[in-house]
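S.K.: The following block contains a protein sequence and its predicted model.
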Amino acid sequence: SAVISQKPSRDICQRGTSLTIQCQVDSQVTMMFWYRQQPGQSLTLIATANQGSEATYESGFVIDKFPISRPNLTFSTLTVSNMSPEDSSIYLCSSGTGYEQYFGPGTRLTVT
Amino acid sequence: AQTVTQSQPEMSVQEAETVTLSCTYDTSESDYYLFWYKQPPSRQMILVIRQEAYKQQNATENRFSVNFQKAAKSFSLKISDSQLGDAAMYFCAYRSALFSGGYNKLIFGAGTRLAVHP
């Protein structure tokens, strides 16, 4: 299994600002995923990040709002841009080996 | 498109008893994977158990087992000898096994919140 860490674990941000979330995997992986979990809800995939190429975004998510970097096989960042209170959520990084997928501890974001 | 349905928003069980969480899914595919994830208040998503659709035998991991009914598209999770630490949100998830040139995404159900009473 992969061990995934995220920073920060939580943050409180002002509306209109941006926050970059970091995700580190303890082994080299091809694909990394970013999910959003709104309060009391299930997980929604934001985008899939493949090293060396542009991230693939799911319907309803755009690169200008959620730019993603994937500089190497163990690291990725997600930026939440021009935040509004509706962006208050838990953001989770994920990756997998084979057919199993593992998750980081999540970043709890509150936008005031 | 595939969908995953968890019809029990909340469940409760007494410590040491057995509880079953329900999950149904809709797909036209014949090859796929099914998973149960646990999310305690710490919010860490923990993989509990997986099932490959081509396997007839139900998966088991210690106190956790599944009842996989492929024809009925049902995938329930049974927790035996429930413990206080089992209290969490449980998510059922589906992933296609078809080669798509990329990595097939997980599709999650809405979740079931399990409370364990001493």
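M.R.: Sure thing, it's come through.
S.K.: B:A87 versus B:F75, what's the distance?
M.R.: Separation of B:F75 from B:A87 (C-beta to C-beta, to the nearest Å): 21 Å. Where C-beta positions appear, they are placed from N, C-alpha and C, glycine not excepted.
S.K.: swap that for B:G111, please
M.R.: Taking C-beta to C-beta, one finds B:G111 at 13 Å from B:A87.
S.K.: on that earlier part again, ok, B:F75 and B:A87, which is more surrounded?
M.R.: B:F75 (28 against 18; other C-beta atoms under 10 Å in any protein chain shown).
S.K.: quick one, what contacts the more buried one?
M.R.: B:23-25, B:34, B:36, B:51, B:66-69, B:92 (C-beta atoms under 8 Å, 6 or more residues apart in numbering or on different chains).
S.K.: hmm, try it at 10 Å
M.R.: The neighbourhood of B:F75, defined by C-beta atoms under 10 Å, 6 or more residues apart in numbering or on different chains, consists of B:4, B:21-25, B:34-36, B:49, B:51, B:53, B:58-59, B:66-69, B:92-94, B:109.
S.K.: for B:F68, same thing?
M.R.: Counting by C-beta under 10 Å, 6+ apart, B:F68 makes contact with B:23, B:34, B:51-53, B:55-59, B:74-76.
S.K.: Please indicate which of these are buried?
M.R.: Neighbour counting by 16 or more other C-beta atoms under 10 Å in any protein chain shown classes B:23, B:34, B:51, B:53, B:59, B:75-76 among these as buried.
S.K.: Sitting in strands, which of the residues you listed do you find?
M.R.: Among the buried ones among the contacts of B:F68, DSSP state E puts B:34, B:51, B:75-76 in strands.
S.K.: quick one: contacts for A:D26?
M.R.: Going by C-beta under 10 Å, 6+ apart, A:D26 touches A:1-5, A:74, A:95.
S.K.: sorry, that was for A:V3
M.R.: Counting by C-beta under 10 Å, 6+ apart, A:V3 makes contact with A:24-27, A:102, A:104.
S.K.: what about B:T60, distance to B:I79?
M.R.: Distance check for B:T60 against B:I79: by C-beta to C-beta, it reads 12 Å.
S.K.: Who has more neighbours out of these two?
M.R.: Using other C-beta under 10 Å as the criterion, B:T60 and B:I79 rank with B:I79 on top: 23 against 12.
S.K.: Quick check: chain neighbours aside, which residue is closest to A:P85?
M.R.: Excluding the flanking residues, the one nearest A:P85 by C-beta to C-beta, 6 or more residues apart in numbering or on different chains is A:V111, at 5.0 Å.
S.K.: So which bits of chain B are right by chain A?
M.R.: B:4, B:6, B:9, B:32-33, B:35, B:37, B:39, B:42-47, B:50, B:52, B:89, B:91-93, B:95, B:97, B:102-111, B:113 (C-beta under 10 Å from any C-beta of the partner chain).
S.K.: try it again with 8 Å
M.R.: Contact residues, chain B versus chain A (C-beta under 8 Å from any C-beta of the partner chain): B:33, B:35, B:37, B:42-45, B:47, B:50, B:52, B:91, B:95, B:97, B:102-103, B:105-106, B:108-111.
S.K.: From those, list just the buried residues.
M.R.: Going by neighbour count (16+ other C-beta under 10 Å), the residues of chain B next to chain A have B:33, B:35, B:37, B:43-45, B:47, B:50, B:91, B:95, B:103, B:105-106, B:108-111 buried.
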